[in-house]
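Enquirer: for reference, the sequence and a predicted model appear below.
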Amino acid sequence: MKLPKFWSNRLALIAISLIVSLSAFAQVTVNGLVLDSGHEPIIGASVFVKGTQTGTATDIDGRFSIKVPSPTSTLVISYLGCLPAEVKANDPALATGIVLRENSEVLEEVLVIGYGSVKKSDATGSVTAIKPDESNMGSKVTVQDALVGKIAGVNVVSSSGAPGSGSTVRIRSGASLSASNDPLFVIDGVPVDNSTIEGGTNILAGINPNDIETFTVLKDASATAIYGSRASNGVIVITTKRGGEHLNVSYQGNFSISHTAKRLKVLSADEFRAFVPTVTGVPADAVYGTTSTDWQDEIYRTAFGTEHNVSVSGTYRQLSSPYRVSVGYTNQDGVVKTNNYQRFSAGLAVNPQFFDKHLTFNLNVKFSYERNALVDNAVVGDALRYDPTRPVHDGAPNQPGAGYFIWKNGANPMAIQTNNPVAEINLRDEINKITRTIGNIQAIYKIHGLEDLRLNGNFGFDVLRSKYNLDVPQYSVMTYTGYKKDGTGITESGVQDKRNFLIDLYADYNHKWNQKHDFSAMVGYGWQHFWKRYNNEQYTNNSFDENGNPLTNFIPEESRSKRHYET
């Protein structure tokens, strides 16, 4: 009996579905072993089914197990520093071990390791180099952002979510209980001061990540041998970009939107009123507010950011001089209201060569200006703890609270209380401005007739000035919980100067013969001087008279608190 066309199509679809389902269940489990050129197990090698996202990694014994659609599926096996291999899932060699060959191009890669450079195959210590443009395509506001999750053994933990904020960087964990565990940062041959900036949040924020060519991380004792005890926690060498052979004009820009992905769930106003009376010790006549305030909504916002980078690079033929000029601008709002970070940066790199390329000059100069509108990190915790039945605003500007709700004992503000988080944001004006210029000029001369001998001179500098201003008007809740605890306003300003000068003079000899043997030696002298000075002034700021009228700040000498130090 011939079935109607409608039923024939139905049965055909059912048959196809059954075949697809059966093939899905017919996956094959493949076990294998991955070895290096010395037939030692490779830990952490990647194994993927070609053309799919299905993959796994080898264990501590170099073994793996993966499910493939069929015995003829192709597996792609790869590992850093080795050439990838492709094998069929039914290849018998998987059981005895797939040997990955070393990538000779990677081993010939030149690494910058302090005084000079070496081939990766000749490096005696643990050295890792990455190019941020290739490894991290996301938004990178600071240098530390480009390192997050990119190098094994290097942990980067942000100190806060504020834009431009610093991060804690640890190489192979910390080594000291009392001293600093921060690594040493070297920018174009200039080791920089890792100490904090007054009012600032990140000593490296002025370096535009878009100008960075490579990061080289020295993880072990070889770093200490080069830079001394200050490198006991490892070294991160930053090399910035230089000019190329052909004219290249580049623009890179992005626009970002940030928001709080997840918030802590706290009691609503109604839940708070119902729960508090059940807590032991709460008076039966406790009075609650009549409003409903979500304090997290009051302090958070959707933040917008933008970044623009323009660079021009090429070579000036008459002097065989590669060059690169760059400018960048970053403007990033924080998810906490009033928090904002701006940075303007400019860079110049010129590398002329003379005397048939026997004399080379490397000139690198980086300038940056940062403006950081800060917020007190305590505001996040205060928003979680504050009474949701209380209003944001309450009272006049010339009364305790300066127009915002404040806890009182009768008519007197309480010194022990949680600050109104919205008042903390709007009444605390905290600005940090940082100007920085860092650079170096390096001369390299290959002796005529003895080109294996090179004379090197490196002269570097790092000049930084930080201006910090804090203004809290009188009657603010913060002036009752801190400072004089009587409502007296405060204005604080500070200027910090840092200067870092460097001279490195050394000669190195490197000779190779018979394509097998290498001999190298180096002798030199290094000098570096760090200098810093700090001035701080703190004085009262009474912004209103008894009628609520603004006052011009008259700062008598006796009301000022001054600090000054120089090292």
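Expert: Great, that's in hand.

Enquirer: what comes up buried for stretch 73-85?
Expert: Across stretch 73-85, burial judged by 16 or more other Cβ atoms under 10 Å covers Ser73, Leu75, Val76, Ile77, Tyr79, Cys82, Ala85. Backbone N, C-alpha and C define where each C-beta goes, glycine included.

Enquirer: for Asp497, state which of those is nearest.
Expert: Closest to Asp497 out of the buried residues of stretch 73-85 is Tyr79 (48.7 Å), distances taken as Cβ to Cβ.

Enquirer: least confident of the buried residues of stretch 73-85?
Expert: When those are sorted by pLDDT, the bottom entry is Cys82 at 80.

Enquirer: still on that earlier bit, any chance of CSV for the buried residues of stretch 73-85, columns distance to Thr280 and secondary structure?
Expert: Shown next, in CSV, are the buried residues of stretch 73-85 (distance: Cβ to Cβ, whole Å; DSSP: H, G, I helix; E, B strand; the rest coil):
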residue, distance to Thr280, secondary structure
Ser73, 65, coil
Leu75, 64, strand
Val76, 64, strand
Ile77, 63, strand
Tyr79, 61, coil
Cys82, 65, strand
Ala85, 68, strand
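
Enquirer: now for these: which two are most distant?
Expert: For the buried residues of stretch 73-85, the maximum inter-member distance is 21.6 Å, found between Ser73 and Cys82 (Cβ to Cβ).

Enquirer: residue contacts, Leu427?
Expert: Leu427 makes contact with Ala402, Tyr404, Val472, Pro473, Ser476, Val477, Met478, according to Cβ atoms under 8 Å, 6 or more residues apart in numbering.

Enquirer: go again using 6 Å as the cut-off
Expert: Leu427 sits next to Ser476 when contact means Cβ atoms under 6 Å, 6 or more residues apart in numbering.

Enquirer: Pro163 and Ile238, how far apart?
Expert: From Pro163 across to Ile238, the span is 21 Å (Cβ to Cβ, to the nearest Å).

Enquirer: now do the contacts for Val143.
Expert: Leu204, Ile207, Pro209.

Enquirer: you'd agree the second one is in a helix?
Expert: The reference is to Ile207. No. Counting by DSSP: H, G, I helix; E, B strand; the rest coil, Ile207 is located in no helix; its state is coil.

Enquirer: skipping adjacent residues, who's closest to it in space?
Expert: Val143 (5.1 Å; Cβ to Cβ, 6 or more residues apart in numbering).

Enquirer: next up, phi/psi of that neighbour, please.
Expert: Dihedral pair for Val143: phi -60, psi -40, per degrees, to the nearest 10.

Enquirer: pLDDT score for it?
Expert: 82.

Enquirer: the closest residue to Ser195 other than its chain neighbours: how many residues sit nearby?
Expert: In space, and not counting its chain neighbours, Ser195 is closest to Ile203: 7.2 Å by Cβ to Cβ, 6+ apart. Other residues lying near Ile203 total 22 when counted by other Cβ atoms under 10 Å.

Enquirer: what do you get for Tyr323?
Expert: Counted with other Cβ under 10 Å, residues neighbouring Tyr323 total 19.

Enquirer: low pLDDT regions in the stretch 101-250 of the chain?
Expert: Residue ranges of the stretch 101-250 of the chain with pLDDT under 70: 103-127, 129, 132-139, 175, 198-201, 221-224.

Enquirer: where exactly do the strands run in it?
Expert: 110-112, 117-119, 127-130, 154-158, 167-171, 184-187, 190-191, 212-218, 235-240, 248-258 (DSSP state E, counting those that start in this stretch).

Enquirer: what about the closest residue to Asn440 other than its chain neighbours, which SS state?
Expert: Closest residue to Asn440 apart from its sequence neighbours, by Cβ to Cβ, 6+ apart: Gly460 at 3.5 Å. Following three-state DSSP, we place Gly460 in the strand state.

Enquirer: could you find the closest non-adjacent residue to Lys467?
Expert: In space, Lys467 is closest to Lys433, 4.6 Å off (Cβ to Cβ, 6+ apart).

Enquirer: that's a helix at that neighbour, yeah?
Expert: No. Secondary structure of Lys433 (three-state DSSP): strand, not part of a helix.

Enquirer: that one: neighbour count?
Expert: Other residues near Lys433 come to 17 when the count uses other Cβ under 10 Å.

Enquirer: please report how far it lies from Thr278.
Expert: If you measure Lys433 against Thr278 using Cβ to Cβ, the figure is 51 Å.

Enquirer: the residue lying closest to Gln252 once chain neighbours are set aside sits in which helix or strand?
Expert: Among residues not flanking Gln252 along the chain, Asn309 sits closest, at 4.6 Å (Cβ to Cβ, 6+ apart). Using DSSP states H and E, Asn309 maps to strand 303-316.

Enquirer: and whichever helix or strand comes after that strand, what's its mean pLDDT?
Expert: Note on strand 303-316: by DSSP H and E, the next helix or strand toward the C-terminus is strand 321-333. Strand 321-333 carries an average pLDDT of 94.

Enquirer: may I have strand 321-333 exported as PDB, CA atoms only?
Expert: Output in PDB follows, covering the C-alpha atoms of strand 321-333 (Å, rounded to 0.1, in the frame of the first residue of the first chain):
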ATOM      1  CA  SER A 321      66.400  55.800  11.300                       C
ATOM      2  CA  PRO A 322      63.200  54.000  12.300                       C
ATOM      3  CA  TYR A 323      60.800  56.200  14.200                       C
ATOM      4  CA  ARG A 324      57.500  55.900  15.900                       C
ATOM      5  CA  VAL A 325      55.300  58.700  17.300                       C
ATOM      6  CA  SER A 326      52.100  58.000  19.300                       C
ATOM      7  CA  VAL A 327      49.400  59.800  21.200                       C
ATOM      8  CA  GLY A 328      46.700  58.300  23.300                       C
ATOM      9  CA  TYR A 329      43.600  59.300  25.300                       C
ATOM     10  CA  THR A 330      41.700  57.300  27.800                       C
ATOM     11  CA  ASN A 331      38.500  58.400  29.600                       C
ATOM     12  CA  GLN A 332      36.900  55.700  31.800                       C
ATOM     13  CA  ASP A 333      34.100  56.100  34.300                       C
END
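
Enquirer: list the buried residues in it.
Expert: In strand 321-333, counting by 16+ other Cβ under 10 Å, buried: Ser321, Pro322, Tyr323, Arg324, Ser326, Gly328, Tyr329, Thr330, Asn331, Gln332, Asp333.

Enquirer: I'd like these as a markdown table, with distance to Thr488 appended.
Expert: Shown next, in a markdown table, are these (distance: Cβ to Cβ, whole Å):
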| residue | distance to Thr488 |
| --- | --- |
| Ser321 | 60 |
| Pro322 | 59 |
| Tyr323 | 56 |
| Arg324 | 53 |
| Ser326 | 47 |
| Gly328 | 42 |
| Tyr329 | 39 |
| Thr330 | 37 |
| Asn331 | 35 |
| Gln332 | 34 |
| Asp333 | 32 |
